[in-house]
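[1] sequence plus the predicted model coming up.
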Amino acid sequence: MLAKTAHGFGTKFVRHSPNPGARHRKRRLERDTKPEPNPRDGGSTGGRGRSLEHEYGGLERAPSGASRRRDGAFTPGPTQTRAMRDPDGLIARAGVRGDPDRDQHFLVDDRVLDRLPTYLTEIDADTSHLLEIGGGTGALTDRLLAIADEVTVVERDRKLAAFLEAEFADEIDAGRLTVIEGDALEVALPDFTASVSNLPYGVSSEITFRLLPEQRPLVLMFQQEFAERMVAQPGTSEYGRLSVSTQHYADAELVESIPKEAFSPPPAVQSAVVRLEPRAPDYEVDDEAFFLRFVKALFTQRRKTIRNAIRNTAHISGLEAPDAVVEAADDDVLQKRADAMSPAAFAALAQLALDVGEPGEGQ
Ligand SMILES: C[S@@+](CC[C@H](N)C(=O)[O-])C[C@H]1O[C@@H](n2cnc3c(N)ncnc32)[C@H](O)[C@@H]1O
């Protein structure tokens, strides 16, 4: 089974084993490599030790904490010197049920949890100060503490923030964890080096566009369809304003699709992990805010030619003289539709619009 990546199609982790014997062997291998239990989990070997294989029919197994690269090889994960907290144990200790109305879908699959930080380590990201948006009951927080010097977690739910403070009291006392209770769209963010977060889906776009300008590596979980639009290339039906705005800041790669059953409670749709590696775009624009507004404007008319879209969307782009832009632009460009324009082509047109189109405020 294949999953989409920014560059085409790559190997997906989730696989159905055609051979039940192989599945048993994989389970045995998993038991043999399980680390010592975390004492906080009451001596269990990781609670239900929930496995994707068991829950939804088979997952190609990577060594604990390791991840699989697009070429199929396993990349070693961070060295784990202690057992990770069991996600089910954390939920039980917190005494909560995830509330979907508050974007609370807790990750309960150990192997997905173990893999998420490796998407940072395999690109050698600086993991000295990791930021997590939406800490929940701390299953991912625990994995981030295993690879970071310092972690800051933002959690809006008062009860969950209080639980994190109690559960991770030792790490807080050691100066390794800071819990910020508040809305990730409003609180002051620390000077983090990278972020790994299972985002609250209701505000995932707003949070992402708060983080992207910080120019730090990000490993973020989204709804699958949203993730596909972020990484989409020109000429595809998924390509749009979200793709251009995301790729303005970073190289975006869909690294893993995650079934609903990996969460408690399961969300309505499948999820996907996107890795965002910051870099400067391969084009220049004098006014970034205008560029992003212009792209937004033109995509509101994605079925029209660029010629008509420039004229019809001046109230959004803020151009006082859209006709002057149409007159100055190449015919080749004017005949295209927005979904055929590369980010660099948008940038060149935006620069022309800045030069001759008398940009004002816009929306
Ligand atoms: C999808 S859950 C992820 C929880 C945990 N990291 C995990 O993977 O199991 C999202 C978390 O974000 C919290 N949350 C929702 N909206 C938030 C906001 N605006 N700012 C900060 N946290 C928020 C929810 O309470 C929930 O704990």
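    Received the coordinates, thanks. Predicted model only: the values in this text are computed from it and were never measured. Residues are numbered from 1 along each chain as shown.

[2] show me where pLDDT drops low in this structure?
    By pLDDT under 70, the low-scoring segments of the chain are 1-81.

[3] now with 80, please.
    In the predicted model of the chain, residues 1-82, 361-363 satisfy pLDDT under 80.

[4] quick one, what contacts residue 324?
    With contact taken as CB atoms under 8 Å, 6 or more residues apart in numbering, residue 324 is in contact with 356-358. (Glycine included, C-beta is placed from N, CA and C.)

[5] quick check: ChimeraX command selecting the buried ones in the residues you listed.
    If you want just the buried ones from those in ChimeraX, going by 16 or more other CB atoms under 10 Å, the selection is:
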select :356,357
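
[6] between the contacts of residue 324, which is nearest the ligand?
    Closest approach to the ligand among those (CB to the nearest ligand atom): residue 357, at 36.9 Å.

[7] quick one: list the elements packing against the helix or strand residue 291 falls within.
    Using DSSP states H and E, residue 291 maps to helix 288-299. Counting contacts by 3 or more CB pairs under 8 Å, 6 or more residues apart in numbering; DSSP states H and E, helix 288-299 is packed against helix 241-249, helix 306-312, helix 314-317, helix 343-356.

[8] got the buried residues for it?
    Buried residues in helix 288-299, defined by neighbour count with 16+ other CB under 10 Å: 290-299.

[9] ok, so of those, who is nearest residue 194?
    Of all the buried residues of helix 288-299, residue 194 sits closest to residue 292, with 23.7 Å by CB to CB.

[10] hmm, residue 245 and the closest one touching each other?
    Yes - Residue 292 lies in contact with residue 245 (CB atoms under 8 Å); the separation is 5.8 Å.

[11] quick one: name the residues of the stretch 251-363 of the chain near the ligand.
    By CB under 6 Å from any ligand atom, no part of the stretch 251-363 of the chain sits against the ligand.

[12] the residue in the stretch 251-363 of the chain that the ligand sits nearest to: neighbour count?
    Per CB to the nearest ligand atom, residue 263 is where the stretch 251-363 of the chain lies closest to the ligand, at 7.3 Å. Counted by other CB atoms under 10 Å, the residues lying close to residue 263 total 22.

[13] who touches it in this structure?
    98, 105-108, 271.

[14] please repeat the previous calculation with a cut-off of 7 Å.
    When contacts are counted by CB atoms under 7 Å, 6 or more residues apart in numbering, residue 263 touches 105-108.

[15] and it, its phi and psi?
    Main-chain dihedrals, residue 263, degrees, to the nearest 10: phi -120, psi 160.

[16] could you do residue 271 as well?
    According to degrees, to the nearest 10, residue 271 has phi -110, psi 170.
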